[in-house]
Structures are given as structure tokens and as C-alpha cells.
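[1] Got a sequence here, can you build the structure:
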Amino acid sequence: MDAEVISLTETFSADDYVINIIRRAVSNQQNILIDNPQHGRVTILSSAGEYLTDLENLKLFCQLPASAFKITVLNEGKVSNFKTSIGRNIDELLWAAGFYASDGRLMNNAKWDDVLELCVWPNFTRIPMAISFLRIASLLSKHPTSIERVIADLKIPRTDAYQFYSAALCAGSISVNSNQKKNQTEQHFKPHRNNALLSLLLNKIVNI
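    Below you'll find the model as predicted:
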């Protein structure tokens, strides 16, 4: 298959999906519960670098709009209830969230001419992937290059390359260099609001 001709790039925002809900928690070492009444819940244990879930359809969960979720910041007492459970690596969830939300699109803060280097080899036995991902990972681990060059050299669909870039970026598996920025994976996120704590403080103020 010949390399595809550059066309209008379709993008998506991580803010519109569960991706940045997870990234906000991880960035600020918060333990949170992400809940959707119809589709299940995910518990993020940032302090342990793990997550727990009862989801039946992770793909559907990751493609829901961010507004579909209720976020609860967990206190230490609630977190201790999960310490006997066996969690999964949070980076696997971040990869899956980026992979499914992308659906072949490029994240809107990424560029097709960014130069990428694979810093952490993904565990492809535990995460969603396309058949071309092993070849992409092998190339980027040996020769940092632009995603456009990856498409041309490997003769793969543009959608595969963009989906790999998005997933790897979310999981922190790559470093990014461009004319405008370096280490694009390092972003700063505001912590989630602890509504239970705010309610408690408000009640104390009212009762003073």
C-alpha cells in the first residue's frame, strides 16, 4: 500500500473525554472515582499508580463525553478499602483512553510534523492496538522521527499513526520535539474539586 497523501487532519480534544479527567488526577496525585450510572465506574488510585474497574465495555466508556461522568475525590478512609484489591497499571488505562477517544484522529495539541521518540515500550499484551503498532514502536524507539515520516516509511494508514501518537502521548510513552515545544507530555492540570470537603467547610461556616 502506498503512503497516503496528506489530507485535512481531523483532531479531537482530550478535554472532551475521560482522558483529561484521569490525567488531572494522576498529575495531582489524587485518588478519584469516575462514575457513569449506565456504563460503570473506574477508581483511580494515583498514590499507587493503579486503577480498578468493573467496566464491561472500556471502549464505550472512553468514548463517552466528559460531561457524562460524576467525579468523586476519595478520602484516605475510602482509599484504604481498595488496598486489598489488585489493580492494573494506570498507564494502561491512559493508553486505552487515548486510543479509543482518538479513533484515528490526532489530538488537537499534537502536530503531524512533531518529532517523536519512544521512551517506554508499551505492553502490547495488555492494551488495545492496531496491527501496525509494533512496527511504529520499533521505528520510533530506534530513530526519532516525525509522524509523517512514519506514515511514509512504513506505508501505514494515517489513522493508525495518529491513533498510536494519541495513545502513546496520553500514556507518557513518548517524548515530543517540535519547533515550538519540547517534552509535550509534561502538562500541568488543575486538581479535581473535593466537593465533599467543600460542603463540610461550608456547613462549618454556616454553623459559626
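[2] spatially speaking, which residue is in the middle of this structure?
    Centre of the chain computed as the mean C-alpha position; nearest residue by Cα atoms, centre = their mean is Leu94, 3.2 Å away.
[3] Identify the residues contacting the closest residue to Tyr100 other than its chain neighbours.
    Nearest non-adjacent residue to Tyr100, counting by Cβ to Cβ, 6 or more residues apart in numbering: Cys62, 3.8 Å away. No exception for glycine: its C-beta is placed from N, CA and C like everyone else's. By Cβ atoms under 8 Å, 6 or more residues apart in numbering, the contact list for Cys62 reads Tyr17, Val18, Ile19, Ala96, Ala97, Phe99, Tyr100, Ala101.
[4] Going by distance to Ile156, which of the residues you listed wins?
    Ile156 has its nearest neighbour among these in Phe99, at 15.5 Å by Cβ to Cβ.
[5] Can you tell me the SS state at that closest one?
    Following DSSP: H, G, I helix; E, B strand; the rest coil, Phe99 is assigned to helix.
[6] What of Ile34?
    Quick answer, by three-state DSSP: Ile34 is strand.
[7] per-residue pLDDT, it?
    Predicted confidence (pLDDT) for Ile34: 97.
[8] name the element the residue nearest to the centre of the chain belongs to?
    Following DSSP states H and E, one finds Leu94 within helix 90-102.
[9] Any buried residues in that helix, and which?
    90-102 (16 or more other Cβ atoms under 10 Å).
[10] Equivalent analysis for stretch 15-26, please.
    Buried, per 16+ other Cβ under 10 Å, within stretch 15-26: Tyr17, Val18, Ile19, Asn20, Ile21, Ile22, Arg23, Arg24, Ala25, Val26.
[11] same check, this time on stretch 69-88
    For stretch 69-88, a neighbour-count test (16+ other Cβ under 10 Å) marks Phe69, Ile71, Thr72, Val73, Leu74, Phe82, Gly87 as buried.
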